[in-house]
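Peer 1: Here is my input, please return the structure:
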Amino acid sequence: MEEQKFNKAELLKKAQTNHWKWKSPYSVKVTVDRLLAVVGRYPEVLKYDRIDQQAVAKVSGHDIRPAETVFFQNSKLVGKLLGTNIMVMEQLPIKTIVWEDESGQVWLQTPDIDHMDEHYNLNGGDGAIQAIYDLLPGWVEEAIQE
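Peer 2: Numbering: from 1, shown residues only. As a prediction, this is how the structure comes out:
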């Protein structure tokens, strides 16, 4: 996947306007594959788990639309966030959800970073919130670009 250059300010505004939720033109699996490929270019980002929620639901006999959850975090930013407010651990690692809705549209949603900053009184988390603003929307946009 070729790294694309995006206008960070425009991407942040789009993420905030859409409450950190994006439409994907790809299937759930392909969207997650693409996101992990982008994130994988950053060695400081730890990838913890990828859960196929559809497969989990089938274990108990339920049939749901495709849905996956992915957990990752930037090791360079965790200390800054936790040093500001240890309770932000409730939001870490970052949980990204990707699902197919009733109409077949695939969505990708990350935590609302603005809410996290406000709710935990991070006041920017020693620069960590700005770093997330600079990275996360671009990663998602690259993952969902056709």
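
Peer 1: and stretch 133-145, which residues are buried?
Peer 2: 133, 135-144 (16 or more other C-beta atoms under 10 Å). C-beta coordinates here come from the backbone N, C-alpha and C atoms, glycine included.

Peer 1: quick one: which of those residues is nearest L36?
Peer 2: Nearest to L36, judged by C-beta to C-beta, of the buried residues of stretch 133-145 is A143 at 8.5 Å.

Peer 1: and F71, helix, strand or coil?
Peer 2: strand (DSSP: H, G, I helix; E, B strand; the rest coil).

Peer 1: Number of residues surrounding it?
Peer 2: F71: 15 surrounding residues under other C-beta atoms under 10 Å.

Peer 1: Does it touch V45 like I think?
Peer 2: No. Applying C-beta atoms under 8 Å as the test, F71 and V45 come out as separate, 11.1 Å apart.

Peer 1: picking that back up, ok, the buried residues of stretch 133-145 vs Y120, which is closest?
Peer 2: Nearest to Y120 among those, counting by C-beta to C-beta, is Y133 at 15.7 Å.

Peer 1: Tell me if I'm right that the closest one and K8 touch.
Peer 2: Yes. If you go by C-beta under 8 Å, Y133 and K8 touch, sitting 7.4 Å apart.

Peer 1: That'll do, ta.
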